[in-house]
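A.B. asks: Below is the sequence, then the predicted model.
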Amino acid sequence: MQHISVKAFAKINLGLLITGKRPDGYHMLETVFAPVNWYDELTFTSADELSMTCSNLDLPSDDNNLCLKAASALRDYAEMTKGATIRLTKNIPFGAGLGGGSSDAAATLRVLNVLWGIHAPSDDLHALAVKLGADVPYFLESSGLVFASGIGEQLQDLERSLPFHIVTVFPEEHISTVWAYKNFYPKFERKVPDLKEMVFELCENKDLTVLPTFENDFEAVVFDYYPSVRQAKEKLLEEGALFASLSGSGSAVFGLFDRQDAAEKAMQAFGDKSRASLTPPSFKMIQRS
Ligand SMILES: C[C@](O)(CO)[C@H](O)COP(=O)(O)OP(=O)(O)OC[C@H]1O[C@@H](n2ccc(N)nc2=O)[C@H](O)[C@@H]1O
Ligand SMILES: Nc1ncnc2c1ncn2[C@@H]1O[C@H](COP(=O)(O)OP(=O)(O)OP(=O)(O)O)[C@@H](O)[C@H]1O
């Protein structure tokens, strides 16, 4: 029996500018994805049937789980009937804007493509990933700092890495992505700043003056409805973060620190380690456990 174990990492969004709405209801955006050191663990074992277990009982472990959705989509694509048992140890908080479910889906596509001997070309895997979620292609195809446009599926590797310690905090609120896209305050008419250029300035020249450019368009509505999320951001700034922001549609917030001791102190200020994570500078996702 063949087992494959992998880690599925979370992301943060450094800037998230929503630029318009498509006729199908999806929004166009520009964002920069950065990986963070917070991960789910998945083990795949070949089996006759497709099934899974999930360590977090607040999440579905039936066909509504993104792992089984990804596995079924791949099986349908390959027109085969092979099975697998998937064991998901959930560490990334859900409804947090950290892309945990999307990362699990991407890991499932990647592993089962090999375990089932499908070896689908990357364009076909990309198409399957987009259907599963706008964030899934990032986790499928990237390991570092990436500029994303379209609905989040058009990716450009920035070939740079963030020279900061990242403290990511989950403020105990689960926020629905659908709700956030329905309720954010649109600013479609403005001229959007060039996030790629800002990242180059930040990574190459450590020009901290560009940091305020990395706005997240979900912040205003999320802070209005979830005051504890605003407070978490303020606390990161009080702890000495050079910059702090909401990630994705929330509720997680992150802070960038130039000193390790300040980042570690901020981690302690948030208490329980399972609710916060510390990512070192230049972090990249390494998939295999
Ligand atoms: C907030 C972000 O995490 C930023 O990276 C993503 O935009 C969300 O990505 P995701 O969770 O993979 O989203 P999906 O599962 O594809 O979509 C969930 C819902 O969010 C809305 N949605 C999502 C992405 C997008 N560009 N526009 C949208 O309007 C749609 O109502 C969609 O039905
Ligand atoms: N494996 C999974 N992990 C997390 N959530 C899952 C999973 N499978 C299905 N879901 C459903 O998807 C919803 C969103 O989960 P996820 O953690 O990806 O959201 P998020 O933190 O808002 O991420 P994103 O940044 O992609 O919007 C959950 O509320 C849950 O009902």
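C.D. replies: Perfect, I can see it now. Residues are numbered from 1 along each chain as shown. Ligands and ions are numbered 1, 2, ... in the order given.

A.B. asks: Name the nearest residue to residue 130, sequence neighbours excluded.
C.D. replies: residue 153 (4.8 Å; CB to CB, 6 or more residues apart in numbering). Backbone N, C-alpha and C define where each C-beta goes, glycine included.

A.B. asks: what do you get for residue 269?
C.D. replies: Nearest residue to residue 269 in three dimensions, chain neighbours excluded: residue 239, at 5.5 Å (CB to CB, 6+ apart).

A.B. asks: Which residues are in contact with that neighbour?
C.D. replies: Neighbouring residues of residue 239 by CB atoms under 8 Å, 6 or more residues apart in numbering: 167, 255, 262, 265-266, 269.

A.B. asks: any idea how far it lies from residue 16?
C.D. replies: The gap separating residue 239 from residue 16 is 23 Å, by CB to CB, to the nearest Å.

A.B. asks: So residue 256: helix, strand or coil?
C.D. replies: Secondary structure, DSSP: H, G, I helix; E, B strand; the rest coil: residue 256 is strand.

A.B. asks: Ligand 1 contacts on the chain?
C.D. replies: Within the chain, the positions near ligand 1 by CB under 6 Å from any ligand atom are 13, 16, 25-27, 29, 31, 97, 99, 102, 133-135, 151-152, 177-178, 181, 248-249.

A.B. asks: are any of these buried, and which?
C.D. replies: Among these, those classed as buried by 16 or more other CB atoms under 10 Å are 13, 16, 27, 29, 31, 97, 99, 102, 133-135, 151-152, 177, 181, 248-249.

A.B. asks: just checking, which of these belong to helices?
C.D. replies: Judged by DSSP state H, helices contain the following of these: 102, 177, 181.

A.B. asks: Enumerate every residue touching whatever residue of the chain ends up closest to ligand 1.
C.D. replies: Nearest residue of the chain to ligand 1, counting by CB to the nearest ligand atom: residue 133, 3.0 Å away. By CB under 8 Å, 6+ apart, the residues touching residue 133 are 66, 101-102, 105.

A.B. asks: Quick check: the gap between the closest residue to residue 95 other than its chain neighbours and residue 136.
C.D. replies: Spatial nearest neighbour of residue 95, excluding adjacent residues (CB to CB, 6+ apart): residue 174 at 3.1 Å. Separation of residue 174 from residue 136 (CB to CB): 20 Å.

A.B. asks: Likewise for residue 43?
C.D. replies: From residue 43 over to residue 136 the distance is 20 Å, taken as CB to CB.

A.B. asks: May I have stretch 174-194 exported as CSV, CA atoms only?
C.D. replies: Below are the C-alpha coordinates for stretch 174-194, written out as CSV (Å, rounded to 0.1, in the frame of the first residue of the first chain):
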residue,chain,number,x,y,z
HIS,A,174,-14.7,32.9,10.9
ILE,A,175,-15.5,35.1,8.0
SER,A,176,-17.3,33.9,4.8
THR,A,177,-15.5,34.8,1.6
VAL,A,178,-18.9,35.1,-0.2
TRP,A,179,-20.1,37.6,2.5
ALA,A,180,-16.9,39.7,2.2
TYR,A,181,-17.2,39.9,-1.6
LYS,A,182,-20.9,40.9,-1.3
ASN,A,183,-20.3,43.6,1.3
PHE,A,184,-17.0,45.3,0.7
TYR,A,185,-17.1,49.0,-0.2
PRO,A,186,-16.1,49.2,-3.9
LYS,A,187,-13.5,51.7,-5.2
PHE,A,188,-13.5,50.6,-8.9
GLU,A,189,-12.8,54.0,-10.3
ARG,A,190,-9.5,54.7,-8.6
LYS,A,191,-6.1,54.2,-10.3
VAL,A,192,-4.5,51.2,-8.7
PRO,A,193,-0.9,51.3,-7.5
ASP,A,194,1.6,49.0,-9.2
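
A.B. asks: Alright, that wraps it up for me.
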